[in-house]
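Colleague: Quick check, what structure comes out for this input:
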Amino acid sequence: MKRVECTEVFPRFAPASPREAPAIIAKDTLPFVEFLAFEPQGALLVIESPDLASVLGRLRRRSGPRFELDAELPGVIGPGALSPSGRWLLVGGERVGGRHASCQLIDLHTFQVIHTLPIMRPFVWVDDAHFIAQSPNWKLAFLDGNPVRPETRRVDPALAAAHPALVTPEPSLVRVSLATLTCEPLLPSLLFDEEVKAVLSPGRDVLYTATHYSRISAVRLSDARLLWQRPPSRNVIDGTVTDMALDPATNRLVTVGGGMSHDMLVLDAANGDELARHSLETLARGVTKGPSTRGATLGFRPDGLGAIVTNNSLVIELGKEGRWSAFKAGSRAFRALAFSADGTSLVIGGGEKNLRAVTLPPVEARP
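Modeller: As a prediction, this is how the structure comes out:
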């Protein structure tokens, strides 16, 4: 396993220690993986996809030391969001015009869909009784080659009629009550720059959202007040976002995506100030050949140890002290990751027909 150290972030700190080669699990049993999450009891939830936009995927639960398959549910789209207790899972459902347009609420006790709702990703749980989603946006339309806003929402009419309270007058991020299936608007959604990711502060009182064009916002949940907002990029060259995560140890937001000069941003979550921007391709030089390195998704442990997985099978580790390092962990693009409940294992998946597990040191207690 080839590994490289980089001092581009905070060079005064030492790099993370090298890791052992990832172990292969669920060997030769998967198609494309687009979501991973560990349930509190240790079972692994996997959403697999045939990698065709016209075909829905399936949710699988894998349990035990060998991650054997013990439950399966078809007709879903990742990524998803697991509730704090592990009882509920939110995933995407049927598309409209090839785009995300509905949500499935799955009861993991019965492993069945209990609601299909006219709301879209991104999904994040506030608690087991409330979650964040996006109300249906307008369909795209073109007049003489120019985009115009039609008066039709991007949702199945029958689904919208069944849950009219969730189709807000204008598209927006909303907080949904699981008990009543009603919602409160939090932040307007734009037609050509919808939110793609939402995360909560450690106190679960501030919502951070990111759009494809890097418009990043912080909203206080108690009164839906916009605390700060970073303006969007002017075009894709200036940087896009595919995923965002919050480092709970330092209160920093980290995004990955695309861009010519950079594809990773580090922001102060308190005020949105930019702390750093980086090129993952620069970091990856000497580690891998082939397509330019792009981050697919990322996550953090409670103690601040983070990981980014990429389109060319790298794991980029974000050390708690500020340094990062990279190593080749597979042969195909990665698209999903999950830390085990105790934080000592990182499971990654994507284009390979198996999962890989990286052994990590124990989670460090906070002072």
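
Colleague: hey, let's count contacts and neighbours off CA atoms from now on
Modeller: Noted.

Colleague: And the contacts of stretch 141-150?
Modeller: Under the contact criterion C-alpha atoms under 8 Å, 6 or more residues apart in numbering, stretch 141-150 has outside partners Trp138, Lys139, Leu140, Leu191.

Colleague: switch the cut-off to 10 Å
Modeller: The contact list for stretch 141-150 (C-alpha atoms under 10 Å, 6 or more residues apart in numbering) reads Trp138, Lys139, Leu140, Glu151, Thr152, Leu191, Phe192.

Colleague: who wins for most neighbours among the residues you listed?
Modeller: Neighbour tally across those (other C-alpha atoms under 10 Å): the maximum, 19 neighbours, falls on Trp138.

Colleague: State the number of residues packed around Ala249.
Modeller: By other C-alpha under 10 Å, the residues close to Ala249 number 15.

Colleague: In this structure it contacts Val363, no?
Modeller: No. If you go by C-alpha atoms under 10 Å, Ala249 and Val363 don't touch, sitting 11.9 Å apart.

Colleague: Can you pull the residues that touch both of those two?
Modeller: Counting by C-alpha under 10 Å, 6+ apart, the common neighbours of Ala249 and Val363 are Arg301, Pro302, Asp303, Gly304, Leu305.

Colleague: State whether the first one and Phe339 are indeed in contact, as I suppose.
Modeller: To tie it back to what came earlier, the one meant is Arg301. Yes. Taking contacts as C-alpha under 10 Å, Arg301 lies within contact range of Phe339: 7.1 Å.

Colleague: Give me the common contacts of the two.
Modeller: Listed as contacting both Arg301 and Phe339 by C-alpha under 10 Å, 6+ apart are Ala307, Leu346.

Colleague: Okay, now the unreliable bits of the stretch 51-200 of the chain?
Modeller: Along the stretch 51-200 of the chain, segments meeting pLDDT under 70 span 51-54.

Colleague: In it, what residue spans correspond to strands?
Modeller: Secondary structure of the stretch 51-200 of the chain, counting by DSSP state E, counting those that start in this stretch: strands at 57-63, 68-82, 88-92, 95-96, 99-100, 103-107, 112-117, 120-127, 130-134, 141-143, 146-148, 172-177, 183-188, 195-200.

Colleague: Tabulate those (TSV), appending distance to Val309 and mean neighbour count.
Modeller: Formatted as TSV, those follow (distance: least, C-alpha to C-alpha, whole Å; neighbours: other C-alpha atoms under 10 Å):
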stretch	distance to Val309	mean neighbour count
strand 57-63	21	21
strand 68-82	15	19
strand 88-92	21	25
strand 95-96	27	17
strand 99-100	23	16
strand 103-107	26	21
strand 112-117	30	17
strand 120-127	19	23
strand 130-134	25	24
strand 141-143	35	10
strand 146-148	35	10
strand 172-177	27	24
strand 183-188	29	19
strand 195-200	16	23
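
Colleague: Can you check which of the ones you listed gets nearest to Gly350?
Modeller: Gly350 lies closest to strand 68-82 among the strands of the stretch 51-200 of the chain, at 11.9 Å (C-alpha to C-alpha).

Colleague: In the chain, which residue is most central in space?
Modeller: Centroid-nearest residue in the chain: Asp243, 5.2 Å away (criterion: C-alpha atoms, centre = their mean).

Colleague: Surely that residue is in contact with Ile216?
Modeller: No. Using C-alpha under 10 Å, Asp243 is not in contact with Ile216; the gap is 11.4 Å.

Colleague: any shared contact partners between the two?
Modeller: By C-alpha under 10 Å, 6+ apart, the residues touching both Asp243 and Ile216 are Lys197, Ala198, Thr209, Ala210, Thr255.

Colleague: Next, the contact list for the first one, please.
Modeller: Which is Lys197. Per C-alpha under 10 Å, 6+ apart, neighbours of Lys197: 121-124, 133, 208-212, 216, 241-245, 255.

Colleague: Go again with 6 Å.
Modeller: Shown in contact with Lys197 (C-alpha atoms under 6 Å, 6 or more residues apart in numbering): Pro122, Thr209, Ala210.

Colleague: ok, now the last one?
Modeller: For Thr255, the residues meeting the contact criterion (C-alpha under 6 Å, 6+ apart) are Asp243, Met244, Met264, Leu265.

Colleague: re the thing from before, in TSV: the strands of the stretch 51-200 of the chain, plus distance to Pro231.
Modeller: Listed next are the strands of the stretch 51-200 of the chain as TSV, based on distance: least, C-alpha to C-alpha, whole Å:
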stretch	distance to Pro231
strand 57-63	34
strand 68-82	25
strand 88-92	28
strand 95-96	29
strand 99-100	24
strand 103-107	28
strand 112-117	30
strand 120-127	19
strand 130-134	20
strand 141-143	25
strand 146-148	22
strand 172-177	17
strand 183-188	14
strand 195-200	13
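
Colleague: Of those strands, give the one that comes closest to Ile25.
Modeller: In terms of C-alpha to C-alpha, the element of those nearest to Ile25 is strand 68-82, at 9.5 Å.

Colleague: How far off centre is that closest one?
Modeller: 15 Å (C-alpha atoms, centre = their mean, to the nearest Å).

Colleague: So which elements touch it?
Modeller: Using 3 or more C-alpha pairs under 6 Å, 6 or more residues apart in numbering; DSSP states H and E, the elements in contact with strand 68-82 are strand 32-38, strand 57-63, strand 88-92.
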